[in-house]
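>>> the following comprises the amino acid sequence and a computationally predicted model.
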Amino acid sequence: AAVLREPYLPAGASFEAVVSRDPKRGDRQELSLSLRAPANGRVTFYAPRYPAYAYGDVLRFGPGDSVSVRYGRYVLGGVATRVAEGEGNRLRGALYGAKRVFVGTFEAALPREKAALLAGLTVGERGEFSNEFKEALRVSGTTHIVALSGYNIAVVALAMGALFSKFLSRRLLFLASLGVS
């Protein structure tokens, strides 16, 4: 079993954290944060649905904010203020941005549950399903399709890259990976 490393928060001082992964959205946002010095460690922060946060955002927390253990992880309690954007890896940020564009397009063109299902199948996004739809997926035994399909696409693209990297230029390899995926 993985051992949790307890994060450090400076006593009586404000501190900052960077959103280190694409936020999980639903009725609220689940943010994975990397704490900045003088604080250190990794924590989860549950934020309201709005304002929407993104990978690479820098959030400031107050001196009274604290960490507790919930759901097998360290959870930061408090109020966040965004102080900067785009502080993460540029490539990762661009990929998360492309994913958000896809999901936004699905949400604009389709009813909520159909958009969530398509986003799950194509990019592995965990959308907002109604309880009835979740139950229908569970009863039909198809829950795993939504959970794994986006991951499977990534695996196929990586396999294509490994298989043809010696024969194709990077550009052709990228296009072939997109076509097969």
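All right, it came through fine.

>>> what's around the nearest residue to Asp27 once chain neighbours are set aside, how many residues?
Excluding the flanking residues, the one nearest Asp27 by Cβ to Cβ, 6 or more residues apart in numbering is Arg49, at 6.4 Å. In short, each C-beta sits where N, CA and C put it, glycine included. If you count neighbours by other Cβ atoms under 10 Å, Arg49 ends up with 10.

>>> what do you get for the one 10 residues further on?
By the measure other Cβ under 10 Å, the count of residues near Leu59 is 23.

>>> what's the answer for Arg36, then?
Arg36 has 15 nearby residues by other Cβ under 10 Å.

>>> go on, the one 10 residues further on?
Applying other Cβ under 10 Å, we find 13 other residues in the vicinity of Tyr46.

>>> list the contacts of the residue nearest to Asp27.
Contact criterion Cβ atoms under 8 Å, 6 or more residues apart in numbering gives Arg25, Gly26, Asp27, Arg28, Gln29 as the residues in contact with Arg49.

>>> pull out the buried members of those.
Neighbour counting over these (16 or more other Cβ atoms under 10 Å) leaves Arg25, Gln29 as the buried ones.

>>> what sits up against stretch 74-84?
Applying Cβ under 8 Å, 6+ apart, the external contacts of stretch 74-84 come out as 4, 6-7, 16-17, 33, 41-47, 51, 53, 57-62, 64-69.

>>> PyMOL command for the buried members of those?
Only the buried entries of the contacts of stretch 74-84 go into this PyMOL selection, using 16+ other Cβ under 10 Å:
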select buried, resi 7+16+17+33+41+42+43+44+45+47+53+57+58+59+60+61+65+67
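
>>> specify the local secondary structure of the residue most central in space within the chain.
The residue lying closest to the centre of the chain (Cα atoms, centre = their mean) is Asp22, at 2.8 Å. Recorded secondary structure, Asp22: coil (DSSP: H, G, I helix; E, B strand; the rest coil).

>>> so it touches Tyr53, yeah?
No - the pair Asp22 / Tyr53 is not scored as a contact, 9.9 Å apart, by Cβ atoms under 8 Å.

>>> quick one: the helices in this protein?
90-109, 112-123, 131-140, 143-164, 170-180 (DSSP state H).

>>> out of the ones you listed, deepest packed?
Of all the helices of the chain, helix 112-123 has the most neighbours on average by mean count of other Cβ atoms under 10 Å, namely a mean of 19.

>>> off-centre distance for it?
On the basis of Cα atoms, centre = their mean, to the nearest Å, helix 112-123 sits 15 Å off its chain's mean C-alpha point.

>>> tell me the angle it makes with helix 90-109.
Taking axes from the mean of the first three to the mean of the last three Cα atoms, to 10 degrees, one finds that helix 112-123 is oriented at 150 degrees with respect to helix 90-109.
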